[in-house]
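> Sharing a model that was predicted from the sequence below.
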Amino acid sequence: MSRPPIEADAAPAGAAAHLLAHADNTAAEPSLDDSGTMRYLFGSASARSILLWVAAPTGLRIIDPLALSPYVDPATSPPPTSSGRARRWLVLYPRAVPLVIFLALTAITALSVFAIESNARAREGAVMREYAQSVAAALDRSGSGFTSYLRAGAALFASVEEVNPETFDSFVRALKLNTEYSGAEGIGWIPVIEARDLGSFLAQTRARQPAYPDIFPKPASTTSRVAPVAMFAPETALNRRALGYDMYSDAARAAAMAEAELTLRPAASGRIVLRQETSGTAPAFAIYMPVFRMSGTGDGSDERRLAGFVYTPFRAREFLDAAIDRQGQGRFGVRLYDGEVSTGHLLVADSIADSAKQTVQQEVTIADRKLMLVIESANVQVLSPLSMVTLIFGLALASLLMLLARLLTQQAFEDQERLAFFEEQHSIRNSLTRELNHRVKNTLANVLSILSLTRRRASGLDDFADSLEGRIRALSATHDLLTVTDWGTTPIRAVIEAELQHFRVALGDAILLEGPELELAPNDALSFGLAVHELATNAAKYGALSVAGGKVMIRWQRGEDQTGETGWAEVEWQEVGGPPVASERRRGFGTELIEKVVAHELRQPVTLDFAPTGVRCVLRVPVRRPADFRIREKESERRVLKP
């Protein structure tokens with residue numbers, strides 16, 4: 001604890017000689033600076049605990065070198081290394097750094113998974129497009145093949161005026177139709193006749209086919225055209241169900257036949273239901289090829305006349321399955337739409353997934369009719385295997401690095417905390433060492449002063465030994481009291497009771513104490529205790545405590561100085577009932593100790609009144625704030641970073 005400056009007029013020359021005992025017995029090295037100040041350095045240059053006395057023109061001052069800190073230029077301090085900066089970041093942001101690492105790796109993993117999934121979807125789309133093209137090509141080949149058969153049949157009916165059922169059946173068999181594989185039911189002949197000619201048509205047809213049925217549905221008008229199915233090959237029980245059916249009675253069939261008649265090419269119908277079907281719900285379509293014959297006119301020219309249609313009905317399910325089976329694929333769903341992709345235009349579907357993850361559309365043309373082929377992915381995996389492996393590995397790596405960063409952060413913080421703790425302990429140890437050194441020197445200085453003055457005032461060796469022993473015991477009692485309070489604040493009542501303990505045991509209530517609870521600083525308690533001891537010793541030898549009936553009253557009260565920064569306790573020592581005090585007396589050691597040493601140490605005036613009725617002494621003892629005398633480290637040494 002550094003000692004404040006002491007003005008020269010606060011202690012006379014004799015007290016200055018006494019105060020020099022604070023220094024050790026080493027030689028003093030004086031020096032005179034430019035301002036006329038004489039400086040005395042006691043001890044060696046390496047002994048930082050030695051007091052420095054400065055004899056300046058304004059007075060005598062004490063400088064404690066321990067209060068001085070070496071100046072360190074921040075510009076000369078080495079810059080922090082990269083590892084130091086990293087540890088600083090770990091300490092400053094112990095939770096943010098692991099979280100940022102985890103989020104960064106998670107983002108990288110997510111981007112990697114996204115890239116893998118994008119590539120996988122691109123590959124899947126390429127495969128689907130290739131598959132759609134292959135299915136579309138298979139459908140086109142199947143439709144083109146039957147279109148060729150229909151063209152051959154049209155050529156037969158165009159060149160032969162009358163084709164009987166046997167000839168037609170032989171013709172169809174010669175084509176070697178694979179009806180089971182392609183979904184086609186066969187080939188049929190549809191003559192186009194006027195409704196008014198139905199009678200002759202039925203008579204002529206039944207002459208060759210006795211079981212030929214009536215035309216159905218029956219024409220509503222005799223002025224319209226009728227297109228009944230006259231022949232169908234190969235002849236089966238189901239195919240015979242189509243004989244006699246008027247194709248013009250169905251709008252989808254009639255539209256296809258009209259388009260074929262107009263374009264002179266094969267034309268496919270929309271969705272229809274075949275007459276061969278027993279359930280009446282299976283989707284189908286038909287391809288119609290017009291047959292024209294040349295007939296003469298009255299002016300000798302030939303005129304092209306529509307004789308009928310050669311057609312092939314297809315079961316849409318078998319027609320599509322035949323194209324799919326050729327590819328041997330089972331992991332894609334296939335939908336075939338008549339024109340635009342909508343529920344009302346769905347022709348047939350071979351779906352294997354309720355909700356398609358990815359679709360590809362491919363246009364298909366069958367006999368000049370635009371169909372839309374939709375391929376849908378049947379891959380129900382949320383992520384591809386590579387994406388799953390990447391995701392699991394990335395998350396595991398992110399978690400591991402986050403845990404590692406957290407451990408490193410915790411370790412860095414613990415290291416920082418330990419370093420701060422060691423620095424704090426080192427600072428406390430240095431402060432304790434300086435404080436111990438200072439207090440030991442003060443105690444030794446007090447002992448030397450007591451020894452010197454006691455020797456001059458002693459009448460003999462025994463008197464010297466007794467006086468010295470009592471005063472040193474007084475110091476020891478106060479030291480014991482301060483040790484109990486860990487050299488903190490000490491109650492003023494406790495100091496008085498410690499110094500007067502043996503007197504109060506012997507004299508009982510001859511000593512009266514009265515005052516509020518006040519706390520004294522350690523050094524102030526030592527000086528005040530020494531003064532109480534001297535007053536008590538004087539009272540026991542010559543004053544009120546030396547006779548029966550004498551009393552000593554000790555009262556104290558709190559006071560404040562004008563600045564209001566430091567208070568003080570005014571202690572009054574009053575003796576009554578003792579022997580009269582002589583007007584002529586020799587100044588003893590106790591008087592000098594109280595008036596000079598104690599007054600100097602307490603930095604407060606002392607009033608000693610040797611009245612005939614008894615000695616009266618008034619002392620002012622500082623009542624300091626704990627922050628003014630407790631051991632404190634530097635703020636930079638006490639700083640500890642918190643996580």
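Structure's in. What do you need?
> Where do the strands of the stretch 101-250 of the chain begin and end?
Taking DSSP state E, counting those that start in this stretch, the strands of the stretch 101-250 of the chain run over residues 187-191, 193-194, 225-226, 231-233.
> helices and strands around the longest one, which ones?
Counting contacts by 3 or more C-beta pairs under 8 Å, 6 or more residues apart in numbering; DSSP states H and E, strand 187-191 packs against helix 96-159, helix 165-175, strand 231-233, strand 302-315. C-betas here are computed from N, CA, C, even on glycine.
> how about those in TSV, adding mean pLDDT and mean neighbour count?
Compiled in TSV, those are given as follows (pLDDT from 0 to 100; neighbours: other C-beta atoms under 10 Å):
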stretch	mean pLDDT	mean neighbour count
helix 96-159	90	17
helix 165-175	91	15
strand 231-233	94	25
strand 302-315	91	21
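> So for Val621, which of those sits nearest?
helix 96-159 (55.0 Å; C-beta to C-beta).
> Between helix 165-175 and the closest one, find me the angle.
If you take axes from the mean of the first three to the mean of the last three C-alpha atoms, to 10 degrees, helix 96-159 sits at 140 degrees to helix 165-175.
> Run the angle between helix 96-159 and strand 187-191 for me.
Interaxial angle of helix 96-159 relative to strand 187-191 (the same axes, to 10 degrees): 60 degrees.
> And the strands of the stretch 101-250 of the chain: which comes nearest Leu518?
Comparison of those against Leu518 by C-beta to C-beta identifies strand 187-191 as nearest, at 129.1 Å.
> Give me the angle between that closest one and strand 302-315.
Angular relation of strand 187-191 and strand 302-315 on a 0 to 180 degree scale: 140 degrees, by the same axes, to 10 degrees.
> centre of the chain versus strand 187-191, how much separation?
Distance of strand 187-191 from its chain centroid, counting by C-alpha atoms, centre = their mean, to the nearest Å, is 79 Å.
> I'd assumed Gly199 was in contact with Ile215.
No: assessed by C-beta atoms under 8 Å, Ile215 is found out of contact with Gly199, at 10.4 Å.
> more crowded one of these two?
Between Ile215 and Gly199, Ile215 has the larger neighbour count (other C-beta atoms under 10 Å), namely 21 against 8.
> count of neighbours near the closest residue to that one other than its chain neighbours?
Excluding the flanking residues, the one nearest Ile215 by C-beta to C-beta, 6 or more residues apart in numbering is Pro228, at 4.9 Å. Applying other C-beta under 10 Å, we find 27 residues neighbouring Pro228.
> just so I have it, where are all the helices in the stretch 401-550 of the chain?
For the stretch 401-550 of the chain, the helices defined by DSSP state H, counting those that start in this stretch occupy 461-484, 492-499, 501-507, 522-541.
> Turn these into JSON lines, including distance to Ala115 and mean neighbour count.
What follows is the helices of the stretch 401-550 of the chain, written out as JSON lines (distance: least, C-beta to C-beta, whole Å; neighbours: other C-beta atoms under 10 Å):
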{"stretch": "helix 461-484", "distance to Ala115": "75", "mean neighbour count": "16"}
{"stretch": "helix 492-499", "distance to Ala115": "81", "mean neighbour count": "21"}
{"stretch": "helix 501-507", "distance to Ala115": "90", "mean neighbour count": "13"}
{"stretch": "helix 522-541", "distance to Ala115": "75", "mean neighbour count": "23"}
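> could those be laid out in JSON lines, adding distance to Ile554 and mean pLDDT?
Converted to JSON lines, the helices of the stretch 401-550 of the chain look like this (distance: least, C-beta to C-beta, whole Å; pLDDT from 0 to 100):
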{"stretch": "helix 461-484", "distance to Ile554": "16", "mean pLDDT": "72"}
{"stretch": "helix 492-499", "distance to Ile554": "6", "mean pLDDT": "86"}
{"stretch": "helix 501-507", "distance to Ile554": "11", "mean pLDDT": "71"}
{"stretch": "helix 522-541", "distance to Ile554": "8", "mean pLDDT": "83"}
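> Can I get these in CSV including distance to Ile116?
Shown next, in CSV, are these (distance: least, C-beta to C-beta, whole Å):
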stretch, distance to Ile116
helix 461-484, 76
helix 492-499, 82
helix 501-507, 90
helix 522-541, 76
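> re earlier: to Arg241, which of the strands of the stretch 101-250 of the chain lies closest?
In terms of C-beta to C-beta, the element of the strands of the stretch 101-250 of the chain nearest to Arg241 is strand 231-233, at 9.3 Å.
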